[in-house]
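> here is my input; please provide its structure:
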Amino acid sequence: MSVHFKICVDCADPHLLADFWAEALGYVVRDDSSLIERLLAQGHIGEDLLVEIDGRKAWKTAAAISAPADPAAPQDGIGQGRLMLFQSVPESKLVKNRMHLDLHFGLDRIEAEADRLERLGAKRLGTGEEGPSRWIVMADPEGNEFCVHS
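From the prediction side, this is the model:
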């Protein structure tokens, strides 16, 4: 049996990173407002847990992105497929990631995609190559490393 999973990223500003990674991957920022409204109406949560983002209620300390074509729950539209969750934590990033994403665009698009990601707020950290493979090591707006790969 395969296991369903999501990637969780600790960060300072979950909404900033959700916006960055949604653009980087062609994903959409998850809209939890219907779930939030339901939990508010039932008295399970208070306004202190929330912020307003783009005119809708969102979690103060978390944001998620999902692939637009993946399945969604019929009751609230929340994606049930590939998911990245960004959650705020009090400590900052101190050392290199032990795990990272490789974004495979193909050799002919690697430079253009790295340039696009820089315009979104990423930084180039270095390059590498091994045989026919080439990659650009980058960092997202909070310094989490990832690679733009051939």
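
> and for residue 96, nearest residue in space, chain neighbours not counted?
residue 145 (6.3 Å; C-beta to C-beta, 6 or more residues apart in numbering). Using the backbone N, CA and C atoms, a C-beta is placed for each residue, glycine as well.

> isn't that neighbour right up against residue 139?
Yes: here residue 145 reaches residue 139: they are 5.5 Å apart, a contact under C-beta atoms under 8 Å.

> name the residues contacting each of those two.
residue 125 (C-beta atoms under 8 Å, 6 or more residues apart in numbering).

> in this protein, where is pLDDT below threshold?
76-79 (pLDDT under 70).

> got the buried residues for the helix or strand encompassing residue 138?
Here residue 138 sits within strand 133-139, counting by DSSP states H and E. Buried residues in strand 133-139, counted by 16 or more other C-beta atoms under 10 Å: 134, 135, 136, 137, 138, 139.

> so in terms of bridging, what pairs with the second one?
With DSSP bridges as the criterion, residue 135 is bridged to residue 128, residue 149.

> ok, now which ones touch it?
Residue 135 neighbours (C-beta under 8 Å, 6+ apart): 102, 110, 127, 128, 129, 147, 148, 149, 150.
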